[in-house]
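# Pasting the sequence and the predicted coordinates here, then a few questions.
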Amino acid sequence: MAQPFFVTTPIYYVNDVPHIGHSYTTVVADVLARWRRLWGDDVVFLTGTDEHGLKVQRAAEERGVTPLEWADQTSERFRETWKLLDITNTDFIRTTEPRHRVGVQQFLQRVYDNGDIELDTYEGLYCVACELYYTEADLVDGSCPIHGTPVDRVTEENYFFRLSRYEGRLLEHYTAHPEAIEPAGKRSEVLGLIKQGLLDFSVSRTSITWGIPLPWDPEHVTYVWFDALVNYCTAVGYGSDPERFARFWPVDYHLIGKDILRQHAVYWPAMLMAAGEAPPRHVFAHGFLLVGGEKMSKTRMNQIAPADLVAEFGVDGFRYHFIADQRFGPDGDFSYEAMVARYNSDLANNFGNLASRVLNMATNYVGGTTPDAREDGTLVESSRAALDGLRDCLDQLDFSGGFGAVWQLIKDANAYIEDRQPWVLHKAGDAATTAAVLGDCLEALRIVALLASPVIPHAAAELWRRLGLDGAPEDQRLPGAAAWGSADTEGNRLEKGASLFPRIDRP
Ligand code: MSP
């Protein structure tokens with residue numbers, strides 16, 4: 001039976017519309033999901049929307065609609081964007097769905113029954129934009145350290161999750177599982193936070209109504225972060241399908257931005273421990289995409305909509321950029337100029353030229369079908385190196401490194417053509433060597449199409465078709481399908497076709 005693999009993105013707030021920051025995490029998760037499917041895994045790839053809390057309630061009030069009407073509209077925007085970007089999520093959870101409500105209530109009840117949720121009075125400084133309490137020490141110039149906006153002083157009788165009881169167990173867990181937080185710098189940050197001492201946090205509100213009522217005291221609604229984090233469990237059957245939950249939990253990868261590390265690496269594992277469930281296997285916190293060196297935000301008006309870039313670069317061009325141009329981990333600056341430059345060099349030149357050169361020569365010199373001969377030259381080793389490099393890097397979630405290895409195969413194939421000069425061989429009447437050289441190039445192209453398919457699925461599938469291959473790259477299974485000469489390709493009818501990535505020329 002196929003091995004289960006479960007990867008998640010954060011569930012996005014519905015008070016915002018999708019921008020390239022949200023799509024960054026989602027594209028990366030999609031590449032990972034597609035990659036694991038090539039290895040035959042049974043992949044659950046979860047994304048969704050976070051729809052409760054004060055922020056959403058206020059956004060809806062401002063527009064004179066109900067919170068649910070507002071959530072319906074914006075949740076749909078996320079779905080549309082993921083469709084546009086060819087995201088292959090297998091589920092999309094909304095925290096307003098009954099399956100989620102039932103699971104959250106069961107989760108809360110468990111933690112309450114275990115004695116880790118208790119009633120208390122609290123006075124604190126609350127940032128509505130973060131939906132988080134801060135201490136005086138956290139504030140910067142008296143304002144929220146993330147948003148720079150004033151915080152509210154709030155006094156409430158609340159139920160508290162006894163996070164402070166979990167310091168020891170969290171430290172023990174992270175000592176035994178250093179791989180549970182990546183990259184390493186983020187792990188140190190989290191260990192530092194835990195060692196400083198953890199404060200209990202409130203898990204309920206009486207001041208708002210837009211949320212999930214506590215099962216034992218329905219006057220209170222669940223704190224939005226507690227509610228949201230549990231989505232990762234409810235989506236795979238917590239509270240509704242225990243067998244499915246047992247199959248997919250613990251999650252393999254939570255991919256998140258560094259802004260929500262504390263919630264995922266401190267709150268969440270402690271909540272899971274309190275409910276008697278295992279903590280996540282890996283939480284990977286990536287850096288931020290900056291625009292002109294600044295964080296994107298509604299107030300700065302520097303948010304970029306994915307659809308605007310897709311209109312110019314295509315879906316594959318969009319996906320490729322965020323995978324290849326940013327290292328997955330540190331912050332990265334988004335620039336339009338860099339996007340054009342990388343598109344032209346990697347996609348139009350390296351990838352596109354290789355495909356059109358090889359298909360053109362095969363049409364002109366060997367009758368437009370795949371020859372039954374090969375040289376089995378240097379590209380055999382290059383192909384192996386591409387698969388090994390891609391696998392080693394993707395095991396570490398080093399996406400730019402991984403696809404860099406695939407692009408090395410493309411460069412090697414272009415260099416091989418320069419070296420062997422099939423046009424000279426053809427002119428000299430050496431039909432056998434011409435066919436063998438092109439046989440190698442076509443085999444390398446097949447392997448490129450397969451290995452590049454997680455990041456540029458459209459172009460890969462189109463190239464696959466032009467190579468006269470059956471099915472689609474996503475139907476193939478690794479490592480076998482990437483082995484040199486593993487496919488029966490002789491006599492395949494080839495098709496030249498138009499340029500896969502037309503150059504973008506800017507004045
Ligand atoms: N709803 C919470 C998450 C709950 S998860 C149980 C939330 N939502 S959010 O809409 O604000 O999304 C935050 C996430 O969006 C970040 O963690 C990151 O994955 C992504 N990004 C948003 N802006 C980003 C950048 N500028 N750059 C990279 N990713 C960013 O927090």
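Okay, I see it. Residues are numbered from 1 along each chain as shown.
# Next up, the contacts around the residue of the stretch 251-400 of the chain found nearest the ligand.
Across the stretch 251-400 of the chain, no residue is closer to the ligand than residue 257, which sits at 2.6 Å (Cβ to the nearest ligand atom). Just so you know, the C-beta spots here come from the backbone N, C-alpha and C atoms, and that holds for glycine as well. For residue 257, the contact set (Cβ atoms under 8 Å, 6 or more residues apart in numbering) comprises 10, 21, 25, 285, 286, 287, 288.
# near the ligand, which residues of the stretch 251-400 of the chain?
Proximity of the stretch 251-400 of the chain to the ligand (Cβ under 6 Å from any ligand atom) is limited to residues 256, 257, 259, 260, 288, 289, 295, 296.
# now those: which count as buried?
Neighbour counting by 16 or more other Cβ atoms under 10 Å classes 256, 257, 260, 288, 289, 296 among these as buried.
# Can you list phi and psi of the nearest residue to the last one once chain neighbours are set aside for me?
Right, residue 296. Closest residue to residue 296 apart from its sequence neighbours, by Cβ to Cβ, 6 or more residues apart in numbering: residue 303 at 4.8 Å. Dihedral pair for residue 303: phi -80, psi 140, per degrees, to the nearest 10.
# ditto for residue 156
Dihedral angles phi and psi of residue 156 (degrees, to the nearest 10) take the values phi -150, psi 150.
# What confidence value was assigned to it?
At residue 156 the predicted local confidence, pLDDT, stands at 77.
# Apart from its chain neighbours, what residue comes closest to it?
residue 122 (5.6 Å).
# Equivalent analysis for residue 195, please.
In this structure, residue 195 finds its nearest non-sequential neighbour in residue 171, 7.4 Å apart by Cβ to Cβ, 6+ apart.
# From residue 187, how far out is the one you found?
Distance, residue 171 to residue 187, using Cβ to Cβ, to the nearest Å: 12 Å.
# between these two, who's got more neighbours?
residue 187 (20 against 14; other Cβ atoms under 10 Å).
# need the contact list for that one.
Counting by Cβ under 8 Å, 6+ apart, residue 187 makes contact with 174, 178, 180, 181.
# Could you count how many residues lie near residue 135?
If you count neighbours by other Cβ under 10 Å, residue 135 ends up with 9.
# same deal with residue 62?
Counted with other Cβ under 10 Å, residue 62 comes out at 10.
# is it true that it lies in a helix?
Yes - Residue 62 forms part of a helix when assessed by DSSP: H, G, I helix; E, B strand; the rest coil.
# any idea how far it is from residue 15?
Going from residue 62 to residue 15 by Cβ to Cβ gives 10 Å.
# Which is the succeeding secondary structure element to the helix or strand hosting residue 323?
Using DSSP states H and E, the element containing residue 323 is helix 306-324. Sequence order places strand 332-334 as the next helix or strand after helix 306-324, per DSSP H and E.
# quick one: that next one to chain centroid distance?
In terms of Cα atoms, centre = their mean, to the nearest Å, the centre of strand 332-334 is set 17 Å apart from its chain centre.
# Show me what the next helix or strand after it is packed up against.
Sequence-wise, the next helix or strand downstream of strand 332-334 (DSSP H and E) is helix 336-342. Secondary-structure packing of helix 336-342 (3 or more Cβ pairs under 8 Å, 6 or more residues apart in numbering; DSSP states H and E): helix 306-324.
# Name the residues of the helix it packs on that are buried.
Applying 16+ other Cβ under 10 Å to helix 306-324 flags 306, 309-310, 313-324 as buried.
# what about dumping the CA coordinates of it to CSV?
Extracted as CSV, the C-alpha positions of helix 306-324 are listed here (Å, rounded to 0.1, in the frame of the first residue of the first chain):
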residue,chain,number,x,y,z
PRO,A,306,-0.6,36.4,-8.6
ALA,A,307,-2.9,36.9,-11.5
ASP,A,308,-1.0,40.0,-12.7
LEU,A,309,2.2,38.1,-13.0
VAL,A,310,0.6,35.0,-14.5
ALA,A,311,-0.8,37.2,-17.3
GLU,A,312,2.8,38.0,-18.2
PHE,A,313,4.9,35.0,-17.3
GLY,A,314,2.3,32.2,-17.5
VAL,A,315,1.6,29.7,-14.7
ASP,A,316,4.8,27.8,-15.1
GLY,A,317,6.9,31.0,-15.3
PHE,A,318,5.2,32.2,-12.1
ARG,A,319,5.8,28.9,-10.3
TYR,A,320,9.4,28.5,-11.5
HIS,A,321,10.4,32.0,-10.4
PHE,A,322,9.4,31.5,-6.7
ILE,A,323,11.0,28.1,-6.6
ALA,A,324,14.3,28.9,-8.4
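# Just checking, which helix or strand succeeds the host helix or strand of the residue nearest to residue 195 along the chain?
Using DSSP H and E, residue 171 sits within helix 167-176. Downstream of helix 167-176, the next assigned helix or strand under DSSP H and E is strand 181-182.
# Sort out which residues of the helix or strand just after that following strand are buried, please.
Using DSSP H and E, the helix or strand that follows strand 181-182 towards the C-terminus is helix 184-196. For helix 184-196, the neighbour count (16+ other Cβ under 10 Å) marks 186, 187, 189, 190, 191, 194 as buried.
# go on, stretch 361-368?
361, 362, 365, 366, 368.
# and it, how far from the chain's centre?
40 Å.
# ok, for residue 151, nearest residue in space, not its chain neighbours?
residue 125 (4.3 Å).
# How are the helices of the stretch 401-507 of the chain distributed by residue range?
According to DSSP state H, counting those that start in this stretch, the stretch 401-507 of the chain carries its helices in the segments 422-427, 431-452, 457-466.
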